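Enquirer: Okay, structure incoming, though there's no sequence with it:
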Ligand code: AVJ
């Protein structure tokens, strides 16, 4: 039986899709949204008027640059390590300031995608060529571990975009613990947490009028079709967003509009959808100070500082050991 399961799948994607679609209730993991198309759709999301997160964090970094950078600097300079850099639009604000102030630092963006890193390096070479960039291809924790064995100077770890929001609290604590383990006493984590706010504002951010978020969510089906030989018709699924103001959890679903049979060739899997049967696809957790403090402390970290936008929609915290 074990052997059977082992040979059945030729990738983690295959195995995770199989597990998710044969579970009850059904789910797919949001990390698989991000193929080339998904990356592009997320870039488009960041430009949406409804997706306030990006602008809020941009405002925080712009309005508090000096204050923030003052916390970063160490006596022997510092390494600025960014986990999941994306296109670096927000980080460039900080980098520009660091360069202008002639500060002694290296910028080490970490990403699993070599392609994304090379794009970022290219755009930085154009826009702020003075930035000492050393791209780090790999998983977050392998790279962090590697960096902390070879480096002794102060590490400032950046996690922007409320990326932690895709994790259930338990997994968020594990994520923070992993970071905590590679931090020395002078190191810090600068991390964004989207805040609880009017529920409608949150629902709108994840259900934009132009349908970009819908396409982003449905990219899971598109990807299963193209990579695993699936026959999903994305039009026969509804993009549905919910927000629970008590727990702060925004949850995305794909809901079958009709009675339908789906076949996924490389999984040798046939599944049936009743009308209104669901696939859960993503969580985007919203926080308040008390929950952030609780997460930090569970991971062995302390909240040392906090910066916010004028509406208190979004906050960037500094965690130390
Ligand atoms: C990249 C996880 C921060 O949850 O807000 C955007 C992803 N999903 N719109 C988020 C996302 C739908 C985003 N994060």
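Expert: In hand now; what should we look at? Here the structure is a predicted model, which means the values were calculated and not measured. Numbers count the residues shown, from 1 in each chain.
Enquirer: Tell me which residue of the protein lies closest to the ligand.
Expert: Nearest residue of the chain to the ligand: residue 284, at 3.3 Å (Cβ to the nearest ligand atom). Just so you know, the C-beta spots here come from the backbone N, C-alpha and C atoms, and that holds for glycine as well.
Enquirer: what helix or strand does that residue sit in?
Expert: strand 278-285 (DSSP states H and E).
Enquirer: ok, now which ones touch residue 258?
Expert: Listed by Cβ atoms under 8 Å, 6 or more residues apart in numbering, the contact partners of residue 258 are 236, 273, 275.
Enquirer: pretty sure the second one is touching residue 254, no?
Expert: No - Residue 273 is beyond contact range of residue 254, at 9.8 Å (criterion: Cβ atoms under 8 Å).
Enquirer: which bits of this structure sit near the ligand?
Expert: Counting by Cβ under 6 Å from any ligand atom, the chain comes close to the ligand at 45, 53, 161-163, 165-166, 206, 213, 216, 282, 284.
Enquirer: Return the subset of those residues lying in helices.
Expert: Counting by DSSP state H, the residues of the chain next to the ligand place 45, 53, 213, 216 in helices.
Enquirer: could you dump those residues to CSV with pLDDT and neighbour count?
Expert: Formatted as CSV, these follow (pLDDT from 0 to 100; neighbours: other Cβ atoms under 10 Å):
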residue, pLDDT, neighbour count
45, 96, 19
53, 97, 20
213, 98, 25
216, 98, 25
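Enquirer: And the furthest pair within the residues you listed?
Expert: 53 and 216 (14.0 Å; Cβ to Cβ).
Enquirer: Which neighbours do these two have in common?
Expert: In contact with both residue 53 and residue 216: no residue, using Cβ under 8 Å, 6+ apart.
Enquirer: out of the contacts of residue 258, which are buried?
Expert: 236, 273 (16 or more other Cβ atoms under 10 Å).
Enquirer: ok, back up a step: work out the sheet partners of the strand holding residue 284 and label each with its direction, please.
Expert: strand 26-27 (parallel), strand 249-256 (antiparallel) (DSSP bridges).
Enquirer: Quick one: the helices in this protein, in order.
Expert: 2-8, 12-21, 36-46, 52-63, 65-72, 89-100, 114-127, 140-150, 169-182, 199-205, 212-228, 289-298.
Enquirer: re earlier: would you convert the strands paired with strand 278-285 into JSON lines that also reports mean neighbour count, distance to residue 149 and mean pLDDT?
Expert: Formatted as JSON lines, those follow (neighbours: other Cβ atoms under 10 Å; distance: least, Cβ to Cβ, whole Å; pLDDT from 0 to 100):
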{"stretch": "strand 26-27", "mean neighbour count": "18", "distance to residue 149": "37", "mean pLDDT": "98"}
{"stretch": "strand 249-256", "mean neighbour count": "20", "distance to residue 149": "37", "mean pLDDT": "98"}
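Enquirer: Out of these, flag the one nearest residue 62.
Expert: strand 249-256 (25.8 Å).
Enquirer: what ranges of the chain fall below the confidence cut-off?
Expert: Within the chain, the segments meeting pLDDT under 70 span 1-7.
Enquirer: ok, back up a step: so what's the nearest residue in space to the residue of the chain closest to the ligand that is not next to it in sequence up against?
Expert: What sits nearest to residue 284 in space, not counting adjacent residues and going by Cβ to Cβ, 6 or more residues apart in numbering, is residue 250, at 4.3 Å. Residue 250 makes contacts with 202-203, 206, 241-243, 283-286, as judged by Cβ under 8 Å, 6+ apart.
Enquirer: Produce a ChimeraX select command limited to the buried residues of these.
Expert: Entered in ChimeraX, the line below selects the buried ones among the contacts of residue 250, by 16+ other Cβ under 10 Å:
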select :202,206,241,243,284,285,286
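Enquirer: Looking at the contacts of residue 250, spot the one nearest residue 65.
Expert: Closest to residue 65, out of all of these and judged by Cβ to Cβ, is residue 286, at 25.5 Å.
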